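Engineer: Could you look at this predicted model? Sequence included:
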Amino acid sequence: AQTVTQSQPEMSVQEAETVTLSCTYDTSESDYYLFWYKQPPSRQMILVIRQEAYKQQNATENRFSVNFQKAAKSFSLKISDSQLGDAAMYFCAYSHGNNRLAFGKGNQVVVIP
Amino acid sequence: AAGVIQSPRHLIKEKRETATLKCYPIPRHDTVYWYQQGPGQDPQFLISFYEKMQSDKGSIPDRFSAQQFSDYHSELNMSSLELGDSALYFCASSLRVTYEQYFGPGTRLTVT
């Protein structure tokens, strides 16, 4: 079974600064997908960004970008110019094909005004 | 854009009762997933359907069953409820070729 590991349960960042969340995963597959989901206090699960394992180029969505290191099985999320609305729990997730998502335990991001 | 719809949003049941959760996927999405998120936990996969057929099964108790109907909506049926079933239940949908799962707002089930 695939496992996803997120360390640093809580991260604090000053507004307008940058924060990086770490994620590692374990898989024997060569073709898979990685995601970051955001869960604000409303508990809604919001897809932030995705990365296909076969793509070498790191994905970017506005202020969110990833550093995907396939050989190291590492998938970190960088939030630039942090805003108060970025405060949330962030989950790293893995899927193989169109199958179930396996989530990490999450990183709580606190944004300090 | 249309999102995943779940109903009810909140549900309170007593032990040993039955609950039915409903999910309406994003139009044209062909795959539906159910996840359970306990307090302070990450979401855990329960079951999924592709084109109305069960496609994958996770750690879903035998007391739970689910199906997807001809209009693609899905229902999760939960019987003999236990206190430990209290959780947030998410439905997600995807279009098989894109692999991106979009989540509904969740149903908060409280068992007393």
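Structural biologist: Alright, I've got the coordinates. No experiment lies behind these values; they were computed from the predicted model shown.
Engineer: Which stretches in the chain count as strands?
Structural biologist: Looking at chain A here, since you left the chain open. A:3-5, A:10-14, A:19-21, A:24-26, A:33-39, A:46-52, A:60-61, A:64-69, A:74-79, A:88-95, A:102-103, A:107-112 (DSSP state E).
Engineer: oops, chain B please
Structural biologist: B:5-7, B:10-13, B:19-24, B:31-37, B:44-50, B:53-57, B:64-68, B:74-78, B:87-94, B:102-103, B:107-111.
Engineer: In terms of secondary structure, what does the fifth one contact?
Structural biologist: I take that to be strand B:44-50. Where contact means 3 or more CB pairs under 8 Å, 6 or more residues apart in numbering or on different chains; DSSP states H and E, strand B:44-50 is packed against strand B:31-37, strand B:53-57, strand B:64-68, strand B:74-78. C-beta coordinates here come from the backbone N, C-alpha and C atoms, glycine included.
Engineer: Ok, the shortest one next?
Structural biologist: With contacts defined as 3+ CB pairs under 8 Å, 6+ apart, the secondary structure elements packing on strand B:102-103 are strand A:46-52, strand B:87-94.
Engineer: Please identify the deepest-packed of these.
Structural biologist: Highest mean neighbour count among the helices and strands packed on strand B:102-103 (mean count of other CB atoms under 10 Å in any protein chain shown): strand B:87-94, with a mean of 24.
Engineer: Could you pull up the residues touching the residue lying closest to B:Ile5 once chain neighbours are set aside?
Structural biologist: Nearest residue to B:Ile5 in three dimensions, chain neighbours excluded: B:Tyr24, at 4.1 Å (CB to CB, 6 or more residues apart in numbering or on different chains). Residues near B:Tyr24 by CB atoms under 8 Å, 6 or more residues apart in numbering or on different chains: B:4-7, B:72-73.
Engineer: Over to A:Pro9?
Structural biologist: A:Pro9 neighbours (CB under 8 Å, 6+ apart): A:105-108.
Engineer: That'll do, ta.
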